[in-house]
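Participant: dropping the sequence and predicted coords here.
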Amino acid sequence: MKITLLDESIREFDKPLSVKEIAGQIATSLKKITIGALINNQQKVASDFIVEQDCKIELITTKDSKESLLDFFVSTTAAAITAYSLVQNFPDIKIAEEFYNQDEYEFSTTFLDKETIKRDRLPFIQNKLDELTNQRLVIQNKKITVSSDLNLNTYQLHLANKAISERGYAILTTINKENFIFSEPVCVEEKLVKKIKLLDLSGSYWLNDASNVMLQRLHGLAGVSLDQLEKKQLILEERRLSDHRSINKQLEIFHFDQLIGQGLPIWLPNGVALKEQIKTYLKEKEWEYDYVPIETPVIGTLDLYRISGHLSHYNEDMFQPFKAGNEEFILKPMSCPHHIAVYRQKQRSYRELPLRYSEHALQHRYESSGSLTGLERVRAMELTDSHIFVRPDQIESEFKSIYRLIEEVLKTFKIKIDYLSFSVRDPEDKEKYFQDDQMWNKAEAELEKVLKDLNLNYKKMVGEAAFYGPKLDIQAKTAQSHEITIATIQLDFLLPQKFDLTYVDDNGGLSRPIMIHRGLIGTYERFIATLLEQTKGNLPLWLAPIQIEIIPVGDEESEKYAKRIQKNLKTDYIRTHLDNRDERLSYKIRDAQIHKIPYQLVLGKKEISDNTITYRKYNSEEQITVSCDEFYLLINQEIKEKM
């Protein structure tokens, strides 16, 4: 048996060995700290797993392994210990599955009891878990190929049979003589998990299927030490404070109403102000780059999406069709077929190309309720959409122009990018991708050449292309460590063919254009979520929904003066709010700081007599007094320069 280690060295053994035994053959010290392994970069196993054939192994240790892998093993083991504790303290309970959410460092265990366990029982369960982590637990794993004689509950039996059917065996985990089937490995090392902190109880459908029974789900964090657990909690708290949903409570940008519908955002006045500033800037940039604005309907016929191929490839992400008379329509999930209709409305000439259509388009996609995440993932969205029709000889120059535009825009907003993803097809996937090897090879080669010419660092992602062509996605991370696409450029040789698009070439014949899909900042919803998180809600002056808080101090004269200042600012389209509440000055200033308003003006008798303005900036205690004209100039300059 040949075992390839992480450093590519090969060890040979004449019989099957456990992961821990393999570690011991390398070094006794390594055996002591090994808790599991990653086999062939795919399968995670505990240290008592018996390796029987040639494979590549990455040993997981308590010392030098990747933090994410170590946390995975600690958390899945904690989930198993939690399941054992539940069984010991609730005799009628049936354990279902365990889960691990890497983004949240969180494990969870699902179960069903005769009576629903209430949240007020969490302290009792926590106390029992604390006792358990201080005791000696005997944990063992073994392969089984038959499940019928194990007396497992319905859920555990399903997991066992599924594993046996998929890989020929299941892993039976025994904790102090109590048997379980878990889908993830459970470490056997004594007292590996030093601390478990329960977080919440929620509901979860068995197998994530709403037609199945609703189970209870117990969530928690785990650590190899109290210090590690506290670090996790600190990171999660920082993420919570940076989450756009938390920031929204201060800024009042958007709202959701269950009566209107899940995932359907309502833009509040502050949100509209922010969105309109972004939109005005983007439209100016599109004008600068010679884009032609168009508007198309928010619905389309079923036939439109049949021809485009979206109906067969994205059917699950679309809202259901609806009938009107003898016609069938669907809410627009994407705008490319509509923009194609604009191109087709008359015969085009090679002299017209490139033809750049842009639309800030309202679209609807049916995201599952469980995936909806504030503005990050919604069902109604406005996309900064564009489709550019080019000749083959224009692909390179146009792609570079689009990339420059996106780069300029993201730089203006100071958006931090994680990486660039060059997505290509998986040639083996015959269902997802249109079968035309020549088309795909040409499209991928041309796009990759442009990326190299631009000297861009990118990751090549096989199997991530759109069904119609390769693409470049600009990726960012959210506060919750979700990976999202901020902007995209996609080559499309297929849809012009499906809709029989042509242009009259310089020889008088008909040629086929290539279409480029461009998402400038993706959707406003997702972009604004990202903007709020990356700025922590401290928006630059030009974007702030309320740019200046005006606070009169004293009598009626101060309020009159404040209103005069407000009127003057309004003539320059400066967004202000006059706080004339009967509250203390310190309270008003603190309130303006909480709402992250860039400037606060304090206007009293001295300012009236001197015709001046006293201001302080957000997050600063320094008060500065200047003439009114000087302040107007300062503000307008800062807005103009988008500082």
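Facilitator: Cool, got the structure.
Participant: now the strands for the stretch 51-200 of the chain?
Facilitator: Ranges of strands in the stretch 51-200 of the chain, per DSSP state E, counting those that start in this stretch, are 55-61, 94-101, 106-112, 139-144, 170-175, 178-181, 195-205.
Participant: list the buried residues in the last one.
Facilitator: Of the residues in strand 195-205, those scored as buried under the neighbour-count criterion (16 or more other C-beta atoms under 10 Å) are 195-199, 201, 204. All C-beta atoms are positioned from the backbone trio N, CA, C, and that covers glycine.
Participant: among those residues, which one sits closest to His310?
Facilitator: Ser204 (31.5 Å; C-beta to C-beta).
Participant: what's the nearest residue to the closest one if we skip its chain neighbours?
Facilitator: Nearest non-adjacent residue to Ser204, counting by C-beta to C-beta, 6 or more residues apart in numbering: Arg217, 4.1 Å away.
Participant: Thr488 now?
Facilitator: Gly519 (4.3 Å).
Participant: what's the answer for Leu532, then?
Facilitator: His244 (4.1 Å).
Participant: let me see the contact set for that neighbour.
Facilitator: His244 sits next to 374-376, 479, 528-530, 532-533 when contact means C-beta atoms under 8 Å, 6 or more residues apart in numbering.
Participant: can you check Leu569 too?
Facilitator: So Leu569 contacts 548, 576, 632, 635 (C-beta under 8 Å, 6+ apart).
Participant: now do the SS call for it.
Facilitator: At Leu569 the chain is in helix, as set by DSSP: H, G, I helix; E, B strand; the rest coil.
Participant: the helix or strand where Lys283 lies: what's the following helix or strand?
Facilitator: Assigned by DSSP states H and E, Lys283 belongs to helix 269-288. Later in the chain than helix 269-288, the nearest helix or strand by DSSP H and E is strand 292-293.
Participant: name the helices or strands packed onto the helix or strand just after that next one?
Facilitator: For strand 292-293, the following helix or strand on the C-terminal side (DSSP H and E) is strand 299-301. Strand 299-301 is packed against strand 327-331, with contacts defined by 3 or more C-beta pairs under 8 Å, 6 or more residues apart in numbering; DSSP states H and E.
Participant: what mean pLDDT would you report for the following helix or strand past the strand it packs on?
Facilitator: Using DSSP H and E, the next helix or strand after strand 327-331 towards the C-terminus is helix 336-344. Helix 336-344 carries an average pLDDT of 96.
Participant: closest to Asp393 out of the contacts of His244?
Facilitator: Thr530 (35.8 Å).
Participant: so for this protein, the centremost residue is which one?
Facilitator: For the chain, the residue nearest the mean C-alpha position is His482 (3.6 Å; C-alpha atoms, centre = their mean).
Participant: okay, that residue and Thr535: tell me how far apart.
Facilitator: Distance of His482 to Thr535, given as C-beta to C-beta, to the nearest Å: 18 Å.
Participant: returning to what we had before: and the residue nearest to Ser204, how far from Glu327?
Facilitator: 44 Å.
Participant: can you list the neighbours in contact with the lowest-mean-pLDDT helix or strand in the chain?
Facilitator: Lowest by mean pLDDT, DSSP states H and E among the helices and strands of the chain is helix 310-313, with a mean of 82. Helix 310-313 is touched from outside by 302, 305-306, 318, 333-334, 337, 432, 467, with contacts defined as C-beta under 8 Å, 6+ apart.
Participant: could you work out the most separated pair of these?
Facilitator: Leu302 and Lys432 (21.1 Å).
Participant: out of the two, which sits in the more crowded spot?
Facilitator: Leu302 (16 against 12; other C-beta atoms under 10 Å).
Participant: list the contacts of the nearest residue to the more buried one once chain neighbours are set aside.
Facilitator: Ranked by C-beta to C-beta, 6+ apart and with sequence neighbours excluded, the top spatial neighbour of Leu302 is Glu328, at 4.4 Å. Glu328 is in contact with 301-302, 321-322, counting by C-beta under 8 Å, 6+ apart.
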